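Colleague: Build the 3D model from these lines:
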Amino acid sequence: MRRSATVPAGSVQRLVLDSRRLGAGPLGDDPRRTILVHVPAGHDGRGLPLLVDLVGFMSGGPSHANWRNFGENLPERLDRLVHEGRMAPCVVAMPDCFTRLGGNQYVNSAAMGPWMDVICDEVVPLVEGSFACGGAGRRGVFGKSSGGYGALVHAMLRPDVWSAAACHAGDMGFEWVYLPDMPATLRVLAKHDFSPERFLAHVEAGAARKLDGRDTHALMILAMAATYDPDPSVFCGIRLPVTLDTCEIIPDRWANWLAWDPLTLAPKHLEALRSMKALFVDCGDRDQYNLVHGARRLHAILGRGGVPHRYEEFPDDHSGIDYRMDESLPALAAALSA
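Modeller: Residues are numbered from 1 along each chain as shown. As a prediction, this is how the structure comes out:
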């Protein structure tokens, strides 16, 4: 059942990307990826701007088209916003970027894979070629949490592709986001002789049962290690930035993580950020992953750097905040349609 029977429904079409860039890395992830594409009612996609949806950790893009009880999935939200006249029509792509380690930060990694290249140089051309949409100056990227991180870093590193970005509660301020999880991660790994390989085998063997929340958080930290400081010579490229017995920070490894923190990257890429037609950043004021503190610091960096942007804090935490897309998506669509 659709959320509203009176709102004209757009179409959701399925593309399959057979990536030339995936499959050879340590994770052995499937190079064939589904991309769901929403086209608004009354349009075939031709001439419309393109938005690409980067989902949060432990999810995949096609999940945003799933039915939701007492709520809207992304296609329904887009249909409503366009029908209400709040959002200019856009083509919206939802690519599957899930990995063996449970998610994606959407950057290039020797362990996780060249995901920035996959999205920018394979996903975007496939969608644009199939729907005659997007093009230079008419592409935007958005996401929440890990997806928000990806959208922000894409705006910094690939302004040749993107002209607008929205970051909802994206990972930043790494010392308060990731370091607090290190002791708990070590407690989980201790059950598996501190072996990421044995731990991942445990996770994969238990796919049919409920995944323990502590395992989920440990898996996330391992994925971040494989993203920000990969060692291709070890299992899945995973090495932690702390000692396994005393949880002391290993300075050179932690420095590799910090190099990927948006708070480190932003001052080096202000020109790219200034080139965005729209840049939207928000975060809940009681985000349980401490992300609001990093968001405030980013807001200050952007302000000092003369980067036009819209920054908002809202009274909520990190969970169930898809409603914030009612603010960001119309802003991106308007900028890309001008």
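
Colleague: Give me the neighbour count for residue 247.
Modeller: Using other CB atoms under 10 Å, residue 247 has 14 neighbouring residues. For every residue, glycine as well, the C-beta is placed using N, CA and C.

Colleague: Helix or strand for it, just tell me which one.
Modeller: Residue 247 belongs to no helix or strand when assigned by DSSP states H and E.

Colleague: quick one: contacts for it?
Modeller: Applying CB atoms under 8 Å, 6 or more residues apart in numbering, we find residue 247 in contact with 182-183, 186.

Colleague: try residue 306
Modeller: 270, 274.

Colleague: Could you say which helix or strand holds it?
Modeller: Short version, using DSSP H and E: residue 306 is in no helix or strand.

Colleague: so what's the residue lying closest to residue 187 once chain neighbours are set aside up against?
Modeller: Using CB to CB, 6 or more residues apart in numbering and skipping residues adjacent in sequence, the residue nearest residue 187 is residue 214, 7.6 Å away. With contact set as CB under 8 Å, 6+ apart, residue 214 has these partners: 184, 187-188.

Colleague: Now residue 214: which helix or strand?
Modeller: According to DSSP H and E, residue 214 maps onto helix 213-228.

Colleague: before we move on, back to that, next one: the residue nearest to residue 187 from residue 181, what distance?
Modeller: From residue 214 over to residue 181 the distance is 10 Å, taken as CB to CB, to the nearest Å.

Colleague: With residue 274 instead?
Modeller: Counting by CB to CB, the gap from residue 274 to residue 181 is 34 Å.

Colleague: do residue 85 as well
Modeller: Taking CB to CB, one finds residue 85 at 43 Å from residue 181.

Colleague: Which parts of the protein are helices?
Modeller: Ranges of helices within the chain are 74-83, 115-118, 124-131, 146-157, 174-177, 182-190, 196-205, 213-228, 251-258, 262-265, 270-274, 291-304, 325-337, based on DSSP state H.

Colleague: how deep is residue 285 tucked in, by neighbour count?
Modeller: Count around residue 285 with other CB under 10 Å applied: 13.

Colleague: Which residues does the helix or strand of the chain with the lowest mean pLDDT contact?
Modeller: Sorting the helices and strands of the chain by mean pLDDT, DSSP states H and E puts helix 196-205 at the bottom, at a mean of 93. Helix 196-205 is contacted from outside by 100-101, 188-189, 191-192, 211, 215, 218-219, 222, 235-236, 238, using CB under 8 Å, 6+ apart.

Colleague: quick one: low-confidence parts of the stretch 151-300 of the chain?
Modeller: The model of the stretch 151-300 of the chain has pLDDT under 70 over residues 207-208.

Colleague: One more pass at 90, please.
Modeller: By pLDDT under 90, the weakly predicted segments of the stretch 151-300 of the chain are 205-213.

Colleague: the domain parsing of this protein - what is it?
Modeller: Following automatic domain parsing, the chain resolves into domains at 11-173+262-337, 176-258.

Colleague: what's the most buried one of these?
Modeller: Stretch with highest mean neighbour count among those: domain 11-173+262-337 (a mean of 20; mean count of other CB atoms under 10 Å).

Colleague: For the nearest residue to residue 194 once chain neighbours are set aside, give me its contacts.
Modeller: Distances taken as CB to CB, 6+ apart place residue 244 nearest to residue 194, at 5.0 Å, with adjacent residues excluded. By CB under 8 Å, 6+ apart, the contact set of residue 244 is 186, 189, 194.

Colleague: wait, residue 37 sits on residue 15?
Modeller: Yes: Residue 37 is within contact range of residue 15, at 6.2 Å (criterion: CB atoms under 8 Å).

Colleague: Common neighbours of those two, please.
Modeller: Common neighbours of residue 37 and residue 15 (CB under 8 Å, 6+ apart) are 127, 130.

Colleague: As CSV, the domains of the chain with distance to residue 3 would be great.
Modeller: Converted to CSV, these look like this (distance: least, CB to CB, whole Å):
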stretch, distance to residue 3
domain 11-173+262-337, 5
domain 176-258, 28
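
Colleague: so which of those comes closest to residue 4?
Modeller: Nearest of these to residue 4, taken as CB to CB: domain 11-173+262-337 at 6.6 Å.

Colleague: what distance separates the start and the end of the closest one?
Modeller: In domain 11-173+262-337, first residue to last residue: 20 Å (CA to CA, to the nearest Å).

Colleague: same check, this time on stretch 81-90
Modeller: 11 Å.

Colleague: for that stretch, what is the average pLDDT?
Modeller: The predicted model gives stretch 81-90 an average pLDDT of 98.

Colleague: So which residue is dead centre in this structure?
Modeller: residue 147 (1.3 Å; CA atoms, centre = their mean).
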